[in-house]
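J.: have a look at this prediction, sequence included:
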Amino acid sequence: MKKQSAFCLALLASTASIAQVAFTNVSIPGASGIQGAVDMNNDGRDDAVMPGSASFRVAYQGNGAVYSTTTFPTTNADNTASWSFAVGDWDSNGYRDLLYGGGSGATFMTANFDGTAYTEFSPAQYIFSQRTNFVDLNNDGHLDAFVCHDVDANVSFMNNGAGQLVHTQGGYGSTCGNYGSIFTDINNDGAMDLFVAKCGCDPADLMMLNNGDGSFNNIAIAQGLADSHQSWSSAGAISITMATWMCSSAAAAAVATSSCATMARATSPT
Ligand SMILES: [Ca+2]
Ligand SMILES: [Ca+2]
Ligand SMILES: [Ca+2]
Ligand SMILES: [Ca+2]
């Protein structure tokens, strides 16, 4: 009981401290088009990644917000990152790979043996790809891929550990309208859980609890998260989910009801 209450209060304190962070606008020379932030060279600093159709660029962050840009050639992408991209070393060769989410499907860009060039692999399945993620869905130590499907049920590509990504559909929600996905372990059981922000044909959001083997149960209705808002992004949703999860237990509510209510308001999306 004390541990859960302390966690709620810690989250509340964390929210308060985040509000005091100051930001400075910094220009990255030559940066344009689709961009995302990820540490591509393991130096502890996020870099800017800019995927294209036959190459992608990385603006590496140095000291004092100085950037140096490298262009990596790729084979031509059947699907560009028109809706999203994700980064992760799915084949565990030491170099991060990319996953592009396009309106007609998904494309993987996999690094060669020394990370100097990339080769595409575009699964045959039609996917109106929205958000994409690299995540170990089934806790087997191999990074899998997840793709939100706009017009059908969500899709994953399960990594068999032998260089293959196996298309799987079903088990991550059964309807269309999937836009924003984010993974975190909301109940600290070691398995990554999934929140999906939905809109369009079925706007009821999903909160999928991982059973530990890659199978999921939707607890959104039980947790009051299956609202009918037209939701496009899940960026801030996970903090709300965590607040709801932790503060929905009788143990936490009995002690920290007011704190949980404050935290829920503080983490509401804008
Ligand atoms: Ca870096
Ligand atoms: Ca790799
Ligand atoms: Ca896996
Ligand atoms: Ca979990």
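T.: Arrived safely, thanks for sending. Ligands and ions are numbered 1, 2, ... in the order given.
J.: closest residue of the stretch 151-270 of the chain to ligand 2?
T.: Ligand 2 sits closest to residue 163 of the stretch 151-270 of the chain, with a gap of 10.7 Å, by CB to the ion. In short, each C-beta sits where N, CA and C put it, glycine included.
J.: isn't that residue right up against residue 92?
T.: No - assessed by CB atoms under 8 Å, residue 163 is found out of contact with residue 92, at 10.1 Å.
J.: so for those two, which sits in the more crowded spot?
T.: In terms of neighbours (other CB atoms under 10 Å), residue 92 is the more surrounded of residue 163 and residue 92; the figures are 13 against 9.
J.: correct me, but the more buried one touches residue 143?
T.: Yes - under the criterion of CB under 8 Å, residue 92 makes contact with residue 143 at 7.5 Å.
J.: tell me how many other residues crowd the residue in the stretch 1-150 of the chain that ligand 4 sits nearest to.
T.: Evaluated by CB to the ion, the stretch 1-150 of the chain has residue 139 as its residue closest to ligand 4, separated by 9.7 Å. Using other CB under 10 Å, residue 139 is surrounded by 15 other residues.
J.: how about it, phi and psi?
T.: The phi and psi values for residue 139, taken as degrees, to the nearest 10, are phi 60, psi 40.
J.: now do it against ligand 3, distance only.
T.: Here residue 139 is placed at a distance of 7 Å from ligand 3 (CB to the ion, to the nearest Å).
J.: pretty sure that residue is touching residue 214, no?
T.: Yes - with contact defined as CB under 8 Å, residue 139 counts as touching residue 214 (7.3 Å).
J.: could you look up the SS state of the residue nearest the centre of the chain?
T.: Of all residues in the chain, the one closest to the mean position by CA atoms, centre = their mean is residue 182, 3.9 Å from it. Following DSSP: H, G, I helix; E, B strand; the rest coil, residue 182 is assigned to strand.
J.: now residue 65. Its backbone dihedrals?
T.: Here residue 65 shows phi and psi, under degrees, to the nearest 10, equal to phi 60, psi 30.
J.: residues contacting it?
T.: residue 26 (CB atoms under 8 Å, 6 or more residues apart in numbering).
J.: likewise the one 10 residues further on?
T.: Contacts for residue 75 (CB under 8 Å, 6+ apart) come out as 54, 118, 119, 120.
J.: and residue 204, by the same measure?
T.: Counting by CB under 8 Å, 6+ apart, residue 204 has contacts 198, 220, 226, 227, 228.
J.: hmm, try it at 6 Å
T.: residue 226 (CB atoms under 6 Å, 6 or more residues apart in numbering).
J.: gap between the residue of the stretch 1-150 of the chain closest to ligand 4 and residue 211?
T.: Computed as CB to CB, to the nearest Å, the residue 139 to residue 211 distance reads 10 Å.
J.: and for residue 205?
T.: Residue 205 is 20 Å from residue 211, by CB to CB.
J.: so which residues on the protein come close to ligand 2?
T.: 89, 91, 93, 95, 97, 111 (CB under 5 Å from the ion).
J.: what does the pLDDT read for the second one?
T.: Predicted confidence (pLDDT) at residue 91: the value is 98.
J.: likewise for the fifth one?
T.: What the model reports for residue 97 is a pLDDT of 98.
J.: phi first, then psi, for the residue nearest to it when sequence neighbours are not counted.
T.: Closest residue to residue 97 apart from its sequence neighbours, by CB to CB, 6 or more residues apart in numbering: residue 110 at 4.7 Å. The phi/psi pair for residue 110 (degrees, to the nearest 10) reads phi -110, psi 130.
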